[in-house]
Structures are given as structure tokens and as C-alpha cells.
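Colleague: turn this into a structure:
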Amino acid sequence: QAKASESVQEVEGLRERLRELQRKLIKNERDVKEATRESDVAASLATRAGQGASELDTAYQRALRALEEKTARSGDARERSSRLQDKANRLTASVFAKVQELKEMEDEYLLHERRLTDLSEQVMAMNVRMTDYLQVISDRSEFYRTCQK
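Modeller: Below you'll find the predicted structure:
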């Protein structure tokens, strides 16, 4: 009977060990399921993070291109502004030169006009004198014509 009792105790120990192993197996299965679930969540989060990073990179590339375009346009505008400034400076210099030339021409015109006025007055005075001389000549001619008859 000692052997039977020992066998029963051994069987009870084995049953207890089996129950303990079954509990541990169930706990391990739950832990595996929980780990699988957490792994799936982590994979989903990683996928979303990857998508977010991809979207962020796309947005960054778009912003970079937009900035490069604005920089190029700004450079073009700056270059165009510089060309317009140079053109305006040349035009201003040309206008000042033309104004100076016109002033010189106006001064010369006024000088010629005064000279022409002086000459016109001289011609008119000479015309008056010539008319007087013609009158004297006519009078004398008439006198000499009538005198001889």
C-alpha cells in the first residue's frame, strides 16, 4: 500500500504539475495573443508613421520646390529691377543731355532772333533812307526834266 499511496501522491503531484503547466500554457497563449496584438498595433503605428513620414517628405519636397521657384522668381525680379534701374539711369542721363542741348539751341535761337531783329531794323531804316533818297532823286529828276524845256 505504501507503493499505491506513493503512486497516488505521484499521480496527484503530476496532476498538480499538469494543472500548473496548463495554467502556464493558457497564460503563455494569452501573453502570445497579447504580444501578437501589441505587435500588430506597433506594426500599424509603424505603417502610419511611415505614411506620415512619407507625406511629410512629400510636403517638404513641395515646400522646397515652391521656395526654389520663389527664389528664382525673386532673382529674376531682382535682375529685371536692376535692368530697369540701369535703363532708367541711362534714360535720365539722355534726358538731361537733351535738355541741355535744347537749352543751348534755345540760347542760340534767341541770339539769332536778336540779330535778325537788329538786321530787320537796319533794313527798315535803310528802306526808309532809300525811300527818302528815291524821293529826292525823283524830285531832282522831275526838276531837271522840267528845267531843260
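Colleague: distance of the residue most central in space within the chain relative to Leu64?
Modeller: Among the residues of the chain, the one closest to the centroid is Ser74, at 3.3 Å (CA atoms, centre = their mean). According to CB to CB, to the nearest Å, Ser74 and Leu64 sit 15 Å apart. Every C-beta, even on glycine, is put in place using the N, C-alpha and C of the backbone.
Colleague: tell me the pLDDT at the residue nearest to the centre of the chain?
Modeller: Turning to Ser74, the model gives it a pLDDT of 85.
Colleague: just Ser5 next, same as before
Modeller: Per-residue confidence at Ser5 stands at 83 (pLDDT).
Colleague: element containing it, please.
Modeller: helix 2-147 (DSSP states H and E).
Colleague: low pLDDT regions in this structure?
Modeller: Low-confidence segments of the chain (pLDDT under 70): 148-149.
Colleague: redo that, cut-off 90
Modeller: Applying pLDDT under 90 to the chain flags the ranges 1-14, 16-18, 31, 68-80, 142-149.
Colleague: ok, Arg114 to Asp107 distance?
Modeller: According to CB to CB, Arg114 and Asp107 sit 11 Å apart.
Colleague: for the helix holding Ser5, what is the distance to the chain centroid?
Modeller: 1 Å (CA atoms, centre = their mean, to the nearest Å).
Colleague: so how far is Arg62 from Asp76?
Modeller: Taken as CB to CB, the span from Asp76 to Arg62 is 21 Å.
Colleague: for Leu18, same thing?
Modeller: 64 Å.
Colleague: same deal with Val95?
Modeller: Distance from Val95 to Arg62, by CB to CB: 48 Å.
Colleague: for the residue nearest to the centre of the chain, give me its contacts.
Modeller: For Ser74, the contact set (CB atoms under 8 Å, 6 or more residues apart in numbering) is empty.
Colleague: what does Arg80 give?
Modeller: Shown in contact with Arg80 (CB under 8 Å, 6+ apart): no residues.
Colleague: any idea how far it is from Glu121?
Modeller: Taking CB to CB, one finds Arg80 at 60 Å from Glu121.
Colleague: check Glu6 too.
Modeller: Counting by CB to CB - Glu6 and Glu121 are separated by 165 Å.
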